[in-house]
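S.K.: what's the 3D shape of this:
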Amino acid sequence: MTDDDKLWYYDLENGTVAQGKQTSTFTRMGPYPDRESAEHALQIAAERTKEADRVDEEWNE
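M.R.: Model prediction:
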């Protein structure tokens, strides 16, 4: 088992998580270190986007 096979991914097409690169590059988010993190992929992405937007706003002030 390679390191990539031990990591978890979120599939945007069907909302499932899987260990290893089982889905298309275009529809998967990750890698995540564990199943629980992958299950929260959309929430993690939203939080990261919000923080990036905040930093951009500070930069533009």
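S.K.: ok, which stretches of the protein are strands?
M.R.: With strands called from DSSP state E, the chain shows them at 8-11, 16-19, 28-32.
S.K.: could these go into TSV alongside mean pLDDT, distance to residue 60 and mean neighbour count?
M.R.: Any C-beta I mention is one placed from the backbone N, CA and C, and that applies to glycine too. Formatted as TSV, those follow (pLDDT from 0 to 100; distance: least, CB to CB, whole Å; neighbours: other CB atoms under 10 Å):
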stretch	mean pLDDT	distance to residue 60	mean neighbour count
strand 8-11	97	31	21
strand 16-19	96	36	17
strand 28-32	95	28	18
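S.K.: take those and write them to TSV, including distance to residue 43.
M.R.: Shown next, in TSV, are those (distance: least, CB to CB, whole Å):
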stretch	distance to residue 43
strand 8-11	10
strand 16-19	13
strand 28-32	11
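S.K.: and residue 51, which of those strands is closest to it?
M.R.: Among the strands of the chain, strand 28-32 comes nearest to residue 51, with 16.8 Å by CB to CB.
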